[in-house]
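*Asks:* One predicted model, sequence on top.
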Amino acid sequence: MVAHTALAWATLAPSEAQRHCRLQTLVRFARFMAAEDSRHEIPPARVFRGSRPRPTPYIFTDDESQQLLVAARHLGPPGALRPQTYSTLFGLLAVTGMRVAEALALHFEGLREDGTAIPDPITQVDYVHVSLPAPAEPPSPPVGRR
């Protein structure tokens with residue numbers, strides 16, 4: 001294997017990630033071949049980037065958070081649980097700093113009896129402390145739902 005030929009072939013791939021993948025495959029193969037025959041060249045490994053740079057996270061302002069919660073409460077279809085689900089999820093994300101996957105992994109059984117802490121669903125270490133007011137009476141089910 002000749003290094004410049006390997007680089008030329010890897011360069012033919014349409015995207016940066018594919019070029020990186022091709023070259024990494026050739027580097028592994030060249031190392032194997034060089035162990036058998038020293039005439040094989042090992043191409044340089046870090047010519048192409050394998051992944052795109054991570055995007056900068058967007059931090060919502062308080063007003064934007066409020067607007068998002070209001071918009072979530074008006075989702076359709078009428079009478080569905082979707083507005084309550086999304087407004088609750090977005091509110092939880094806003095006040096706790098949880099990631100979406102962490103919030104979705106929570107279960108009602110994960111709350112303590114006094115409702116003061118939500119354990120991490122993976123490590124079971126308390127990481128979200130909330131203060132829930134005791135309900136005066138159980139909530140009534142939505143009209144038309146069981």
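*Replies:* Right, received. Where do you want to start?

*Asks:* residues near I59, how many?
*Replies:* 7 (other CB atoms under 10 Å). All C-beta spots, glycine's among them, are computed from the backbone N, C-alpha and C.

*Asks:* Checking it next. Helix, strand or coil?
*Replies:* coil (DSSP: H, G, I helix; E, B strand; the rest coil).

*Asks:* List phi and psi for it.
*Replies:* Here is the backbone geometry of I59 (degrees, to the nearest 10): phi -100, psi 120.

*Asks:* Against M98, how distant is L106?
*Replies:* Separation of L106 from M98 (CB to CB, to the nearest Å): 8 Å.

*Asks:* could you say what helices and strands the helix or strand containing A72 packs with?
*Replies:* A72 is part of helix 62-73 when elements are defined by DSSP states H and E. In terms of contacts (3 or more CB pairs under 8 Å, 6 or more residues apart in numbering; DSSP states H and E), helix 62-73 is packed against helix 82-96.

*Asks:* tell me which residues in the helix it packs on are buried?
*Replies:* The neighbour-count check on helix 82-96 (16 or more other CB atoms under 10 Å) flags 83, 86-87, 89-90, 92-94 as buried.

*Asks:* would JSON lines of the residues you listed with distance to L12 be doable?
*Replies:* Putting the buried residues of helix 82-96 into JSON lines (distance: CB to CB, whole Å) gives the following:
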{"residue": "P83", "distance to L12": "51"}
{"residue": "Y86", "distance to L12": "46"}
{"residue": "S87", "distance to L12": "50"}
{"residue": "L89", "distance to L12": "45"}
{"residue": "F90", "distance to L12": "45"}
{"residue": "L92", "distance to L12": "48"}
{"residue": "L93", "distance to L12": "43"}
{"residue": "A94", "distance to L12": "47"}
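
*Asks:* For F48, state which of those residues is nearest.
*Replies:* Closest approach to F48 among the buried residues of helix 82-96 (CB to CB): L93, at 35.7 Å.
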